[in-house]
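1. Provided below for reference: sequence and predicted model.
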Amino acid sequence: MTETILTPEAPSATKPGTGPDIIPGSNTRKVFVKTYGCQMNVYDSERMGDALSRDGYETVDSVEAADLVLINTCHIREKAAEKVYSQLGRLAKLKRQRNAEGGDLMVAVAGCVAQAEGREIIRRAPVVDVVIGPQTYHRLPEALARARNGEQIVETDFPAEDKFDGLPNAPEKAIRARGVAAFLTVQEGCDKFCTFCVVPYTRGAEVSRPVGRIIEEAVRLADAGVREITLLGQNVNAWHGKAEDGREWGLGELIRRLATIDGIDRIRYTTSHPRDMDEALIEAHRDLPELMPYLHLPVQSGSDRILKAMNRRHTAEDYLRLVERIRAARPDIALSGDFIVGFPGETDADFEDTMALIREVNYAAAFSFKYSIRPGTPGADMEDQVDEAVKSDRLTRLQDLLAEQTRAFGRECVGKVVDLLLEKPGRNTGQLIGRSPWLQPVIIDAMAGEIGDIVRVRITQPGTGSLFAEVVE
């Protein structure tokens, strides 16, 4: 879970017909945003915050201070919807108390749970004023205006118009407040239909943003002081679009263009699918110092039988040979992955195939989960569901192996000289935290430079979940 407090900006008057006019600095509405889940949800929350600020809202860091509570939800993990309903129950008490005191509190639910549950959310939790899915965020101010007039709004269709066309650009002040590293969505949706996953049903089909819009947003980010961008997509390396030269570009060509933008010094992307990792993208890793040597490449299982049941449409051998090609192009690249244990029908032998793949690849980091039934997916109806105790035992063993590989990678970094982007103050006075090329947090003396600087450092020792470094004179 990630909690995102969106950065306030100066309020502006609302458009006619969208609720009472708001005079800047007077009776400004206040919004609290809570974001669960992936980086794309964080990005979406920021963009919704930009839209709300144009509609007269400023953000606050507590529910109690808010006139509007916006919950941006994730539906990937088990019982995600129930956690949302539990939170809505607490908000219902606050809303009743606020109304009894003569005040007003609005509640909106966004994200993938909103898309999956739709009107059921309002039926089960009448406290909710607006339910809005990921493809209709540009309609949020209008939906809130209608809700203020007494309607309960459900916006969960997949409109023909591009939501990014309707979302306002973030002002420079807001971008600067978010830091020197930023997310930039280039692709949404999924056409892969893995049998364990709800994303195709909650985010829709794969859609690529146009090259021009991506470049325009990247330039704005750079002008506001952003030095590192992470390109986002459910299948980010499936991105494609007609470019300035009239050709159809893939992600590799797009990254080459982004690397020419003055001020953008580091580029990352996530999340990838092995089937969309083409030669142009691998060559970009080989050729571009701006493209960081870190790749999140989920495989989910090392068993061909389970991969087929998951509808991954690649084999373990396909994945391993792809890793070989990537490492041949960029020998210093670090890999992370995703793993699901206990998928329906997984045997001890299937699990051991996954452990063998992990040993062969040797990951720098990874995310791993027990399989959980997602209603509406093919996996939910499969026979041979694995016992929870078996899942737990396998997950413990798998995570122990992955944790040791992560620790070993940290130890291998000691003595290396790398460029470090200084991102924020450290937990202790006199420290700064930056990100290594391999995405690890690195702690260094605050005398190393200013936030936003890229400094040359030597890794001196590994810590728990981070590294320590010293400046190279």
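-> Cool, got the structure.
2. if I pick residue 155, what's in contact with it?
-> Applying Cβ atoms under 8 Å, 6 or more residues apart in numbering, we find residue 155 in contact with 130, 131, 132, 133, 136, 139, 143. Backbone N, C-alpha and C define where each C-beta goes, glycine included.
3. Now distance to residue 218 too, for the residues you listed, in JSON lines please.
-> Shown next, in JSON lines, are the contacts of residue 155 (distance: Cβ to Cβ, whole Å):
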{"residue": "130", "distance to residue 218": "31"}
{"residue": "131", "distance to residue 218": "32"}
{"residue": "132", "distance to residue 218": "27"}
{"residue": "133", "distance to residue 218": "26"}
{"residue": "136", "distance to residue 218": "25"}
{"residue": "139", "distance to residue 218": "26"}
{"residue": "143", "distance to residue 218": "29"}
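4. Tell me which of the residues you listed fall in strands.
-> In this view, the contacts of residue 155 that belong to strands under DSSP state E are 130, 131, 132.
5. Give me the pLDDT for the last one.
-> Each residue has a pLDDT score; the one for residue 132 is 93.
6. so what's it bridging to?
-> Assessed by DSSP bridges, residue 132 has beta-bridge partners residue 110, residue 155.
7. What separation do you get for it and residue 141?
-> 11 Å (Cβ to Cβ, to the nearest Å).
8. Equivalent analysis for residue 353, please.
-> Taking Cβ to Cβ, one finds residue 353 at 51 Å from residue 141.
9. cool, residue 133 as well?
-> Using Cβ to Cβ, residue 133 is found at 16 Å from residue 141.
10. Low-confidence stretches in this structure?
-> Within the chain, the segments meeting pLDDT under 70 span 1-27, 77-79, 160-163, 166-168.
11. can you do 50?
-> For the chain, the stretches with pLDDT under 50 are 1-26.
12. Report all helices and strands that the longest helix anywhere in it contacts.
-> The longest helix of the chain (DSSP state H) is helix 388-413. Where contact means 3 or more Cβ pairs under 8 Å, 6 or more residues apart in numbering; DSSP states H and E, helix 388-413 is packed against strand 334-341, helix 348-361, strand 365-370, strand 454-462.
13. what angle separates the longest one from strand 365-370?
-> Here helix 348-361 points in a direction 170 degrees away from that of strand 365-370 (axes from the mean of the first three to the mean of the last three Cα atoms, to 10 degrees).
14. ditto for the last one
-> Using the same axes, to 10 degrees, the interaxial angle of strand 454-462 with respect to strand 365-370 works out to 60 degrees.
15. quick one: strands adjacent to strand 454-462?
-> Using DSSP bridges, the strands paired with strand 454-462 are strand 417-425 (antiparallel), strand 467-471 (antiparallel).
16. The shortest one too?
-> Each strand pairing with strand 365-370, determined using DSSP bridges, is listed with its direction: strand 334-341 (parallel).
17. For the partner strand, buried residues please.
-> Neighbour counts over strand 334-341 (16 or more other Cβ atoms under 10 Å) mark 334, 335, 336, 337, 339, 340, 341 as buried.
18. Closest one to residue 73 out of those residues, please.
-> Among the buried residues of strand 334-341, residue 340 lies closest to residue 73 (Cβ to Cβ), at 20.8 Å.
19. Pull up the distance across stretch 89-109, start to finish.
-> Start-to-end span of stretch 89-109 (Cα to Cα, to the nearest Å) is 13 Å.
20. mind listing what's buried in it?
-> 91, 92, 94, 95, 98, 105, 106, 107, 108, 109.
21. In which helix or strand does the third one reside?
-> Secondary-structure assignment from DSSP states H and E places residue 94 in helix 80-100.
22. Contacts for that helix next, please.
-> Applying Cβ under 8 Å, 6+ apart, the contact partners of helix 80-100 are 34, 36, 63-64, 69, 71, 73-75, 104-105, 107, 109, 112-113, 116-117, 121, 124-128.
23. picking up where we left off before, among the helices and strands packed on helix 388-413, which is nearest residue 302?
-> Residue 302 lies closest to helix 348-361 among those, at 3.1 Å (Cβ to Cβ).
24. From the contact counts, what lies against the closest one?
-> helix 304-309, helix 316-329, strand 334-341, helix 388-413.
25. Deepest-packed of the ones you listed, please.
-> Most buried of these, by mean neighbour count (mean count of other Cβ atoms under 10 Å): strand 334-341, with a mean of 22.
26. how far does that strand sit from the chain's center?
-> Mean C-alpha position of strand 334-341 versus that of the full chain (Cα atoms, centre = their mean, to the nearest Å) differs by 16 Å.
27. Over to stretch 454-473?
-> 26 Å.
28. That one: which residues count as buried?
-> Within stretch 454-473, the residues scored as buried using 16+ other Cβ under 10 Å are 454, 455, 457, 459, 462, 466, 467, 468, 469.
29. From residue 43, how far out is the first one?
-> For residue 454, the distance to residue 43 under the criterion Cβ to Cβ works out to 23 Å.
30. can you list contacts of stretch 234-248?
-> Here stretch 234-248 has contacts from 40, 186-192, 199, 203, 206, 208-212, 214, 231, 233, 249-251, 253-254, 257, 269-273, 276-278, 281, using Cβ under 8 Å, 6+ apart.
31. hang on, isn't residue 454 packed against residue 264?
-> No. With contact defined as Cβ atoms under 8 Å, residue 454 and residue 264 do not form a contacting pair (11.9 Å).
32. ok, back up a step: could you redo the buried residues of strand 334-341 as a markdown table and give each row distance to residue 154?
-> Below are the buried residues of strand 334-341 laid out as a markdown table (distance: Cβ to Cβ, whole Å):
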| residue | distance to residue 154 |
| --- | --- |
| 334 | 43 |
| 335 | 41 |
| 336 | 37 |
| 337 | 37 |
| 339 | 36 |
| 340 | 31 |
| 341 | 36 |
